[in-house]
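[1] Structure of the sequence below:
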Amino acid sequence: MSKELQQKSAAELTREAADLQGTIRELRFKIATRQHGKVREMRSKKRELARLLTAIASKPKSEAKNA
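    Next comes the predicted model:
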């Protein structure tokens, strides 16, 4: 998975991170209102977001600015 993330551009990673943040937000509300029973899914989505943010941070500054 990390190799896949390293091959993507900073713009693609940023877009995926934004989508994932929206998904996490929706999950948080669904769990709070007891519409969603899989609480562990929240943990996995947060970890996935952390991996994306780490991959973005590891990109060279020049590529990140062009994104």
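[2] quick one: low-confidence parts of this structure?
    Under the criterion pLDDT under 70, the flagged ranges of the chain are 1, 62-67.
[3] Which residue ranges of it form helices?
    2-7, 10-32, 40-58, 61-66 (DSSP state H).
[4] I'd like those helices as a markdown table, with mean neighbour count appended.
    For glycine as for every other residue, the C-beta is placed from the backbone atoms N, C-alpha and C. As requested, the helices of the chain are arranged in a markdown table below (neighbours: other Cβ atoms under 10 Å):
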| stretch | mean neighbour count |
| --- | --- |
| helix 2-7 | 10 |
| helix 10-32 | 15 |
| helix 40-58 | 14 |
| helix 61-66 | 10 |
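[5] Pull the contacting residues for the spatially most central residue of the chain.
    Nearest to the mean C-alpha position of the chain, counting by Cα atoms, centre = their mean, stands Leu49 at 2.8 Å. For Leu49, the contact set (Cβ atoms under 8 Å, 6 or more residues apart in numbering) comprises 17, 20-21, 24.
[6] please redo it, this time with the cut-off set to 10 Å
    16-17, 19-21, 23-24 (Cβ atoms under 10 Å, 6 or more residues apart in numbering).
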